[in-house]
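S.K.: sequence first, predicted coordinates after that:
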Amino acid sequence: MTGAFLSGESMPARILRGLLASPKASVAAFICLALVIAAILAPLIAPQNPYDLAQIDFFDGRLPPGSEGMSGMTFWLGTDTQGRDMFSAMLYGLRTSLAVGLTSGLLALLVGTTLGLIAAYAGGRVDAFIRRVVDLMLGFPTILVALMILVVFGQGTWKVILALIFVQWAYFARAVRAAALVETGKDYVEAARCLGLSPARILAAHILPNCLPPLIVIGTIQVANAIAAEATLSFLGIGLPITEPSLGLLIANGYQVLLAGLYWMSVYPGLLLLVIVFSVNIVGDRLRVVLNPRIET
Amino acid sequence: MTVFIFRRLIQAVIVLLATSVIVFLGVFAIGDPLEILLPGDATAAERAQVAASLNLDAPLPMQYLTFLGSALTGDFGNSFVFNRPALSVIFERLPATLELTTTALVLSLVIGLPLGLWAGTKPQTLVDESVMTGSILGFSLPNFWQGMMLVMIFSVWLGWLPSTGRGETGTILGIRTSFATWDGFTHLILPATNLALAQIALVIRMTRTGVQETMPLDFVKFARARGLSEGRILFVHVFKTILIPIVTVIGVEFGSLIAFAVVTETIFAWPGVGKLIIDSINALDRPVVVAYILVIVAMFIAINFLVDLLYSLLDPRIRGRA
């Protein structure tokens, strides 16, 4: 049993207290929260809908930050080549980036946890096989595997998410297997077995809760990695389709005019991407200290 | 040891076969090569004739075996774009990529190791805290955006360094390299920095953690008791111990450098395999894409194998477990 249960403090309370104890992590967690809310409310708070052709004016194109458009609207972060308000485009891009990152992170967690638990509980050949596949997966860099999958199976939003799940599940599986292996040897699992509980129930209700600390830490870091990976793939032109522009695609579009000195189209979306990934990583780093799971970096 | 090597070789063959099946199914069977090769108004007879000449009318498993047979002899077909064997197009570009990745690797070690040692000897201080937060920032920086910012600052604004291409190469000891000319060297600086930055952050973290875990150990106390200087303890005794995890990191790092070279080469128009694969994907140049995937997978299997081998040579405790 972990210390959290002995001290009578619940997991969320422990995480919250741990985060608040560090000013740096508190600020990072606050930024994460604010960005998620901004992404959810994007259609309400964005000055314009950047993908509604009726709301954008081609003559507003390439305006530097702070300019006033034809309709009298001020573009605080400038406009892109099509005349879209950069601030609005970034809010919508944030929405896509976060949605893809969170979805793939959570699904990878689900797949990885299931396989990790099965490996630890079943042991023997099943364990050896899963372990070998995990080792193999971890030997290849994320970006390269995702790139190969997208090349072979074609592009699209769900294919990007699938590729991200495929490259991330192994991290969860390894951590859960290691944690569950320690737990399966303990008396309470033996007791549950003697009670005649089914393996599925023992795994889900008894072993899994004790594997949560490493899962939370890796889950946080993997969401950051997924957001960065999706942006990179979209930048390379093999990620999300143009109909769903994420931050990576906005930066890629901005890159085409960067050498002409039109910096704002790539600098601002890039800064936003950096702030998200950095904040999530800072929170993850703090959680590692607070929850103190023994995991490899 | 022999068993270990033998097992890994079998595993390597299985992985390569599995990759070739997936790539074959994805690239050859799902798409229709005839769509690209034939004009839109081709008759059914013409289609059948071309299909027969390309062996496309054979059953799928037979087609795969033909593909595998020629792949084993290094024949992946001619590149549609360059009209030369795909494999030779790749091997021609490989030196440029290797030059870029090796330079970045050396940079990351030369900068990362001292900073990691420095932070490691000062746990819980402002130095440690800033170096660690800085390294989180380092690997949070989206690689491609960071490269664009380097271009913007050093090429567009300051005009100090060229932003694209490899520049003039010369020959040193029979190897064509950018280091031979000043022009080549200036072309290498920005891409190498772009590629190295995230890896510097990784090396710092690993070294710092290694030092902090090693410093409280008994042998360090004994070395102090013998009156050795702090510098000698750190650079000789502690460093030797943490070298083992660092060797693994270098292997893993080299892998991710090759992966991220795709991004760096795309931004800086560096004429290596990374830019080649992106160009080939956009040009639907299948033979090159297929050859690239199989070459890279083989390369990674080799790197991972070498790292494991080196690891067990450096640390006798691991040999028993393998």
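M.R.: Alright, I've got the coordinates. Residues are numbered from 1 along each chain as shown, chains lettered A, B, ... in the order given.

S.K.: okay, CA-based contacts and neighbour counts for the rest of this
M.R.: Will do.

S.K.: just give me how far the helix or strand harbouring B:V249 sits from the chain centre.
M.R.: Here B:V249 sits within helix B:239-268, counting by DSSP states H and E. Distance of helix B:239-268 from the chain centroid (C-alpha atoms, centre = their mean, to the nearest Å) equals 7 Å.

S.K.: neighbouring contacts of the helix or strand following it?
M.R.: For helix B:239-268, the following helix or strand on the C-terminal side (DSSP H and E) is helix B:273-282. Here helix B:273-282 makes contact (C-alpha atoms under 8 Å, 6 or more residues apart in numbering or on different chains) with A:151, A:236, B:90, B:93-94, B:96-97, B:258-259, B:261-263, B:265-266, B:269, B:286, B:288-289, B:292.

S.K.: packing partners for the helix holding B:V249?
M.R.: Other helices and strands packing on helix B:239-268, by 3 or more C-alpha pairs under 8 Å, 6 or more residues apart in numbering or on different chains; DSSP states H and E, are helix A:142-153, helix B:86-121, helix B:143-150, helix B:182-214, helix B:273-282, helix B:286-314.

S.K.: angle of the third one against helix B:239-268?
M.R.: Between the axes of helix B:143-150 and helix B:239-268, defined by axes from the mean of the first three to the mean of the last three C-alpha atoms, to 10 degrees, the angle is 70 degrees.

S.K.: now for helix B:143-150, which elements pack on it?
M.R.: helix A:212-235, helix A:264-291, helix B:182-214, helix B:239-268.

S.K.: pick the most deeply packed of those.
M.R.: Neighbour counts (mean count of other C-alpha atoms under 10 Å in any protein chain shown) averaged over each of the helices and strands packed on helix B:143-150 peak at helix A:212-235, with a mean of 24.

S.K.: ok so, going back, got the angle for the helix holding B:V249 vs helix B:182-214?
M.R.: 140 degrees.

S.K.: and the angle for helix B:239-268 with helix A:142-153?
M.R.: 40 degrees.

S.K.: now A:N281: closest residue in space that isn't a chain neighbour?
M.R.: Nearest in space to A:N281, with sequence neighbours left out and distances taken as C-alpha to C-alpha, 6 or more residues apart in numbering or on different chains, is A:I221 at 5.8 Å.

S.K.: which ones are touching the one you found?
M.R.: A:280-281, A:284.

S.K.: any chance of TSV for those residues, columns pLDDT?
M.R.: Output for those, formatted as TSV (pLDDT from 0 to 100):
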residue	pLDDT
A:V280	92
A:N281	90
A:G284	89
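
S.K.: distance-wise, check the residue in the stretch 101-250 of chain A positioned nearest to chain B relative to A:L53.
M.R.: Residue of the stretch 101-250 of chain A nearest chain B, by C-alpha to the nearest C-alpha: A:V152 (4.7 Å). A:V152 sits 34 Å away from A:L53, going by C-alpha to C-alpha, to the nearest Å.

S.K.: if you count surrounding residues, which of the two has more?
M.R.: Neighbour totals were compared for A:V152 and A:L53, and A:V152 leads with 21 against 11 (other C-alpha atoms under 10 Å in any protein chain shown).

S.K.: average pLDDT for the helix or strand hosting A:L19?
M.R.: Here A:L19, judged by DSSP H and E, is contained in helix A:11-21. The predicted model gives helix A:11-21 an average pLDDT of 83.

S.K.: what about it and chain B, any contact?
M.R.: No. Contact of helix A:11-21 with chain B is not found when judged by C-alpha under 8 Å from any C-alpha of the partner chain; the minimum separation is 15.4 Å.

S.K.: in chain A, spot the helix with the most residues.
M.R.: Looking across chain A with DSSP state H, the single longest helix is helix A:86-122.

S.K.: alpha carbons of whichever helix or strand comes after that helix, as CSV, please.
M.R.: Using DSSP H and E, the next helix or strand after helix A:86-122 towards the C-terminus is helix A:124-138. What follows is helix A:124-138, C-alpha atoms only, in CSV (Å, rounded to 0.1, in the frame of the first residue of the first chain):
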residue,chain,number,x,y,z
GLY,A,124,5.3,-16.6,-18.5
ARG,A,125,5.1,-16.4,-22.3
VAL,A,126,2.5,-13.7,-22.4
ASP,A,127,4.7,-11.5,-20.3
ALA,A,128,7.8,-12.3,-22.3
PHE,A,129,6.1,-11.5,-25.5
ILE,A,130,4.6,-8.2,-24.4
ARG,A,131,7.9,-7.2,-22.8
ARG,A,132,9.8,-7.9,-26.0
VAL,A,133,7.4,-5.8,-28.1
VAL,A,134,7.6,-3.0,-25.5
ASP,A,135,11.4,-3.0,-25.6
LEU,A,136,11.3,-3.0,-29.4
MET,A,137,8.9,-0.1,-29.5
LEU,A,138,10.9,2.0,-27.1
